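> sequence first, predicted coordinates after that:
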Number of protein chains: 2
Amino acid sequence: MLILLTNDDGITAPGILAMYRELKKLGEVIVVAPETVQSGTGHGITLLMPLLTSQVTIENGFTGTAVDGRPADCVKLAINQLLPTRPDLVVSGLNAGANVGINVLYSGTVAAALEAAFLGLPAIATSLHLKDNVPTDFAKAAKISRETIEEILTHGLTPGQIVSVNIPALLPNQSPAGTRIVRQCTRPFIDTYERRQDPHGRVYFWNNSVFALGETDADTDVAALRDNFVTITPLQFDLTDHNQTRDWAPKKSI
Amino acid sequence: MLILLTNDDGITAPGILAMYRELKKLGEVIVVAPETVQSGTGHGITLLMPLLTSQVTIENGFTGTAVDGRPADCVKLAINQLLPTRPDLVVSGLNAGANVGINVLYSGTVAAALEAAFLGLPAIATSLHLKDNVPTDFAKAAKISRETIEEILTHGLTPGQIVSVNIPALLPNQSPAGTRIVRQCTRPFIDTYERRQDPHGRVYFWNNSVFALGETDADTDVAALRDNFVTITPLQFDLTDHNQTRDWAPKKSI
């Protein structure tokens, strides 16, 4: 099995190294990842500027290709140019931070998986929830991610299918409460900003929101992750609101 | 009616000015838009850096707020900080370039509308298809956009609903073939890249794809726009693949 591994935290992030080590147990792994941190860049792509590439060697890890672009650029470039053949699976992660609720839209990690699926490949995004007072253990989370990916593959992931996996923040010696297949929470998240002035008198705003796994419906990714379950959320890249389209369709034009 | 107007081509783009002039016929219009071009930035947001703002006056047009961030940042900041009250409608556009097919995912124009809907507001993205040999007429396209928006509002657009409108490339004196309610085309678009070397010998790739309204199914946005219809596509921000979730649900974990 040939696996393309990417992320949005950048090629030198500890999460991608931990994920590489686990995925090596499943097959050949080629890393093509952003040169710099691309958190919160969503499904941005680079069309008008060149994409510089370089070979990067991570000690006791891998040699991969760094791309000075977005996560979705890495997937496009890898599949269309860099890889010798089409991969059997694309994995994006392990992300430092949960990608549940509205963050699914902002996430470069998820966007990379969506892009791979759009190009007709099976794709899995995986992210680790970070919590104050819980030490971050990428190796443990990557192991759980790999086990979850193996379960998903056993069940069957067809080309174009996307799954987003989130790993709970676990204390040392703590195990996940289980695995849950859950939908994306769509409750609005209200951002707050601090208003300031720069030394030249210009007004700027700084986002000071803290995303927490708060109130939500019981069947969502937010609820399951909050309750320490590994979450599995099948995603899709068709943004059409088909219910609304059907409602309006008899009118053809409105 | 209070309308928030934003875009992804930047506050000085001709499309947003044309749209402003038309929307003024419907109510009060407040412009909060990116300071610079943000095409293809998808649903990126700015969390770790400050958002500088400035007042910008466009001659024979408007005075609005420029934000050195992404389109989704503009919507967040406008609704949470800058506007005196919540707007009745958020309009994003008029974009220079169609947002159909896979471009729906990459588009900052659409992301701004998705963000507004996530915050519980009715939202409309509007984009103009550009075609070689057809002169770009933003004023005409903005007029058609405003008429289409009026039709949509007459029909009723509830808070949280999103509609993406695309205006065909029309020759002078040519009118649209009609209006069609259509789904997003989800056919893969295969990018191509040119491989080059910089003066220092570093390898870079430059995207040389040309997005054209080509082969597709008859009921899609791509087909309708190609045939010179104004397209209306209801969108949603829930990326869950509910069919897959239902298939897997009896297993609870897989």
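Good, I have the coordinates. Numbers count the residues shown, from 1 in each chain, chains lettered A, B, ... in the order given.
> distance of residue A:132 relative to residue A:212?
Relative to residue A:212, residue A:132 is positioned 10 Å away (C-beta to C-beta, to the nearest Å). Every residue, glycine included, has its C-beta placed from N, CA and C.
> can you list residues touching both of these two?
Applying C-beta atoms under 8 Å, 6 or more residues apart in numbering or on different chains, one finds that no residue jointly contacts residue A:132 and residue A:212.
> these two: who's more crowded?
residue A:212 (10 against 6; other C-beta atoms under 10 Å in any protein chain shown).
> strands of the stretch 1-150 of chain A, start to end?
A:2-6, A:28-34, A:51-57, A:63-67, A:89-96, A:123-128 (DSSP state E, counting those that start in this stretch).
> now do the third one against strand A:63-67, angle only.
To tie it back to what came earlier, the one meant is strand A:51-57. Interaxial angle of strand A:51-57 relative to strand A:63-67 (axes from the mean of the first three to the mean of the last three C-alpha atoms, to 10 degrees): 160 degrees.
> what comes up buried for strand A:51-57?
Across strand A:51-57, burial judged by 16 or more other C-beta atoms under 10 Å in any protein chain shown covers A:51, A:53, A:56.
> need the residues you listed in CSV (columns: distance to residue B:65 and pLDDT).
Shown next, in CSV, are these (distance: C-beta to C-beta, whole Å; pLDDT from 0 to 100):
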residue, distance to residue B:65, pLDDT
A:51, 32, 96
A:53, 38, 96
A:56, 40, 97
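> can you tell me how far residue A:138 is from residue A:110?
Distance from residue A:138 to residue A:110, by C-beta to C-beta: 19 Å.
> helix/strand/coil for residue A:224?
Recorded secondary structure, residue A:224: helix (DSSP: H, G, I helix; E, B strand; the rest coil).
> quick one, grab the pLDDT at residue A:248.
The confidence metric pLDDT takes the value 81 at residue A:248.
> assign it to helix, strand or coil.
Secondary structure of residue A:248, per three-state DSSP, is helix.
> surely it is in contact with residue B:181?
Yes - applying C-beta atoms under 8 Å as the test, residue A:248 and residue B:181 come out as touching, 4.8 Å apart.
> between the two, tell me which one has more neighbours.
Set side by side, residue A:248 and residue B:181 show more neighbours around residue B:181, with 24 against 18, by other C-beta under 10 Å.
> what distance do you get for the more buried one to residue B:22?
For residue B:181 relative to residue B:22 (C-beta to C-beta), the value is 22 Å.
> and if you look at residue A:176?
For residue A:176, the distance to residue B:22 - C-beta to C-beta - is 54 Å.
> with residue A:138 instead?
Distance of residue A:138 to residue B:22, given as C-beta to C-beta: 52 Å.
> equivalent analysis for residue A:163, please.
Distance, residue A:163 to residue B:22, by C-beta to C-beta: 43 Å.
> those two: which is more packed in?
Between residue A:163 and residue B:22, residue A:163 has the larger neighbour count (other C-beta under 10 Å), namely 25 against 22.
> roughly how far is the host helix or strand of that one from the heart of the chain?
If you go by DSSP states H and E, residue A:163 is part of strand A:162-167. On the basis of C-alpha atoms, centre = their mean, to the nearest Å, strand A:162-167 sits 8 Å off its chain's mean C-alpha point.
> by contact count, what packs against it?
When contacts are defined as 3 or more C-beta pairs under 8 Å, 6 or more residues apart in numbering or on different chains; DSSP states H and E, strand A:162-167 sits against helix A:108-118, strand A:123-128, helix A:138-155, helix A:221-226, strand A:230-235.
> okay, these in a markdown table with distance to residue B:194 and mean pLDDT next?
Shown next, in a markdown table, are the helices and strands packed on strand A:162-167 (distance: least, C-beta to C-beta, whole Å; pLDDT from 0 to 100):
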| stretch | distance to residue B:194 | mean pLDDT |
| --- | --- | --- |
| helix A:108-118 | 20 | 97 |
| strand A:123-128 | 26 | 98 |
| helix A:138-155 | 34 | 96 |
| helix A:221-226 | 40 | 97 |
| strand A:230-235 | 32 | 97 |
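> so which of those gets nearest chain B?
Ranking the helices and strands packed on strand A:162-167 by proximity to chain B (C-beta to the nearest C-beta) places strand A:230-235 first, at 3.6 Å.
> do the closest one and chain B meet?
Yes - Strand A:230-235 lies within reach of chain B by C-beta under 8 Å from any C-beta of the partner chain, at A:232, A:233, A:234, A:235.
> ok, which pair from those residues is furthest apart?
Farthest apart among those by C-beta to C-beta are A:232 and A:235. That separation is 10.4 Å.
> now do the shared contacts for those two.
A:163, A:164.
> related to what we said a few turns ago, okay, the buried residues of strand A:51-57 in JSON lines with distance to residue A:15 next?
Formatted as JSON lines, the buried residues of strand A:51-57 follow (distance: C-beta to C-beta, whole Å):
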{"residue": "A:51", "distance to residue A:15": "22"}
{"residue": "A:53", "distance to residue A:15": "21"}
{"residue": "A:56", "distance to residue A:15": "15"}
